[in-house]
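J.: just a sequence and a predicted model for now, questions to come.
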Amino acid sequence: MRASWPALLVAPMLALSEQSVVYALVMPACERQMGAWLHAVPAGFLAATLLLTAMAWRQAHLFRREGAAQPHADADTVASRRYFVAWMGVGSGALSALAIVAMWLPQWVLSPCSA
């Protein structure tokens, strides 16, 4: 269950932090004509988000096997709650990764110095 929570909580924070860091780097990148910084930041944040999502995905599959090994007498078991939280982490991480990619796309098209 420990691997599910970072994807559920930290991945959206990474997406918002990525946007703040890129906005803060626009002026220095324009002054020095070094746009590579603006592509390195989203790449790093995307890699971290995908790592958290993969950890939650792995945890969800482990809980799926654990739940399959136990008889389902009650739908509200601890295993089913862990499975649900793990899949919510996968969804949150995937949505955060999609948001990072969506915010990264304009950087490929627009110059940081265009006003």
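T.: Yep, that arrived.
J.: helix or strand: which one has Ala56?
T.: Assessed by DSSP states H and E, Ala56 sits inside helix 36-69.
J.: list the buried ones in that helix?
T.: Neighbour counts over helix 36-69 (16 or more other C-beta atoms under 10 Å) mark 38, 41-42, 45-46, 48-50, 52-53, 55-57, 59-60, 63, 67 as buried. To be clear about C-beta, it is placed using only N, CA and C from the backbone, and glycine gets the same treatment.
J.: give me the nearest residue to Arg82, chain neighbours excluded.
T.: Take Arg82 and drop its neighbours on the chain: the residue closest to it by C-beta to C-beta, 6 or more residues apart in numbering is Phe63, 4.7 Å away.
J.: tilt between the strand or helix carrying Ser92 and helix 36-69?
T.: Using DSSP H and E, Ser92 sits in helix 78-109. Here the directions of helix 78-109 and helix 36-69 differ by 160 degrees (axes from the mean of the first three to the mean of the last three C-alpha atoms, to 10 degrees).
J.: which ones are touching the residue nearest the centre of the chain?
T.: Nearest to the geometric centre of the chain sits Thr49, at 3.1 Å (C-alpha atoms, centre = their mean). The contact partners of Thr49, taken as C-beta atoms under 8 Å, 6 or more residues apart in numbering, are 11, 14-15, 93, 96-97, 100.
J.: any low-confidence regions in the chain?
T.: Scanning the chain for pLDDT under 70 picks out 1, 65-76, 115.
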